[in-house]
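>>> Mind folding the following:
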Amino acid sequence: MSDLFWLSDAQMARLEPYFPKSHGKPRVYDQRVLSGIIFINRNGLRWHDAPKEYGPNKTLYNRWKRWSDKGIFTQMMAGLAAQHGEKNTVMIDATYLKAHHTASSLSAKKGGRGRLIGRTKGGMNTKLHAICDSQGRPINFFVSAGQVSDYSGAKALLSSLPDVDWLLGDRGYDADWFREALEDKGIRSCIPGRKQRKIPVKYDKRRYKRRNRIEIMFGRLKDWRRVAIRYDRCPRVFGSAIALAAIGMFWR
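Numbering: from 1, shown residues only. Okay, the predicted model is just below:
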């Protein structure tokens, strides 16, 4: 196996149950093609810049687009995340992902309003909302336009929270309705109160320090250039890039 290949036989064995069935002509060597897709996403390259060891760039792009449209990469990440086994603590947070000018046109004529890109103080951005376990592995995420609040992210991710003892979050998640929703689920919140609160909120400062693991997770995701800088106009394809980067965090 070439040193350019990113996936070992053991890693392929974990991912193969999520591959779509091949109809008619068998697919080209999966390990080679997926490694090429990883290479392009991690380095933020154009498809025709892929090394020849990965095969025709058209094959790489077609597999990437077809599987992204079917949600295959997202299913892989969700399947691995479902095996997390976390019982104690999860963390919630959000981060901005810069939209490249090739993806950030908001022209209504071109369908720009559905691209989940919004204008913020830092320019045109997409926002990634995520939950991770105590080891910094992503459990669930969703993508929104950059101007969407953390409250909206919390509301969207609330139903997917696992049965754990604690949830850690920063001040952006300090809302009475969110604290009450967590309490209804039997989850204790460790969230600092906003400065505007008349009555300060008590929280476990020592436990709160563990929240840095979700910040580390975001940093690892942004090591993938096609995640840190959004080149893809299609939200589904961009979500696949995030899912692909997240999959690597489950390797042991």
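>>> I'd like to know how many residues surround L157.
The number of residues packed near L157 is 19, by other CB atoms under 10 Å. For the C-beta atoms, the positions are set from N, CA and C on the backbone; glycine is no exception.
>>> State the distance from A94 to F5.
34 Å (CB to CB, to the nearest Å).
>>> Look at these two and report which has more neighbours.
A94 (25 against 17).
>>> I'd guess that one is in a strand, am I close?
Yes: under DSSP: H, G, I helix; E, B strand; the rest coil, A94 falls within a strand.
>>> OK, contacts around the residue lying closest to it once chain neighbours are set aside?
Spatial nearest neighbour of A94, excluding adjacent residues (CB to CB, 6 or more residues apart in numbering): H129 at 4.5 Å. By CB atoms under 8 Å, 6 or more residues apart in numbering, the contact list for H129 reads I92, D93, A94, F141, F142, V143, S144, D150, G153, A154, A156, L157.
>>> Drop anything exposed from these.
By neighbour count, with 16 or more other CB atoms under 10 Å, those hold I92, D93, A94, F141, F142, V143, S144, D150, G153, A154, L157 as buried.
>>> Checking the last one next. Helix, strand or coil?
Pointing back at L157 there. Relying on three-state DSSP, one would call L157 helix.
>>> Would you quantify the distance from it to C132?
Using CB to CB, we find L157 at a distance of 11 Å from C132.
>>> now, among the contacts of H129, which is nearest to M76?
F141 (13.5 Å; CB to CB).
>>> The helix or strand that contains that closest one - which strands sit beside it in the sheet, and in what orientation?
Applying DSSP states H and E as the criterion places F141 in strand 138-145. Its sheet considered, strand 138-145 pairs with strand 123-133 (antiparallel) by DSSP bridges.
>>> Strands of the stretch 101-250 of the chain, residue ranges please.
Along the stretch 101-250 of the chain, the segments classed as strands by DSSP state E, counting those that start in this stretch run 118-120, 123-133, 138-145, 166-168, 188-190, 229-230.
>>> Residues contacting the shortest one, please?
In this structure, residues lying in contact with strand 229-230 by CB under 8 Å, 6+ apart are G44, L97, K98, A99, H100, A103, S104, I117, T126, F238.
>>> In PyMOL, how would I select just the buried ones from the residues you listed?
To isolate the buried ones among these in PyMOL, judged by 16+ other CB under 10 Å, type:
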select buried, resi 44+97+98+99+103+104+117+126+238
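>>> How far does the strand or helix carrying W67 sit from its chain's centre?
Using DSSP H and E, W67 sits in helix 57-69. On the basis of CA atoms, centre = their mean, to the nearest Å, helix 57-69 sits 19 Å off its chain's mean C-alpha point.
>>> Give me the distance between the residue nearest to A94 and S144.
From H129 across to S144, the span is 7 Å (CB to CB).
>>> Show me whatever sits in contact with both of the two.
The contact lists of H129 and S144 share G153, where a contact means CB under 8 Å, 6+ apart.
>>> Mind listing residues that contact stretch 177-188?
Y151, A154, K155, L158, L161, D163, V164, D165, W166, L167, S189, I191.
>>> Quick one: residues contacting the third one.
Right, K155. Shown in contact with K155 (CB under 8 Å, 6+ apart): F178.
>>> can you pick the most crowded of the contacts of stretch 177-188?
Ranked by neighbour count (other CB under 10 Å), the contacts of stretch 177-188 have L167 at the top, with 25 neighbours.
>>> Let's see the pLDDT reported for that residue.
If you check L167, the pLDDT there is 97.
>>> swap in R252?
58.
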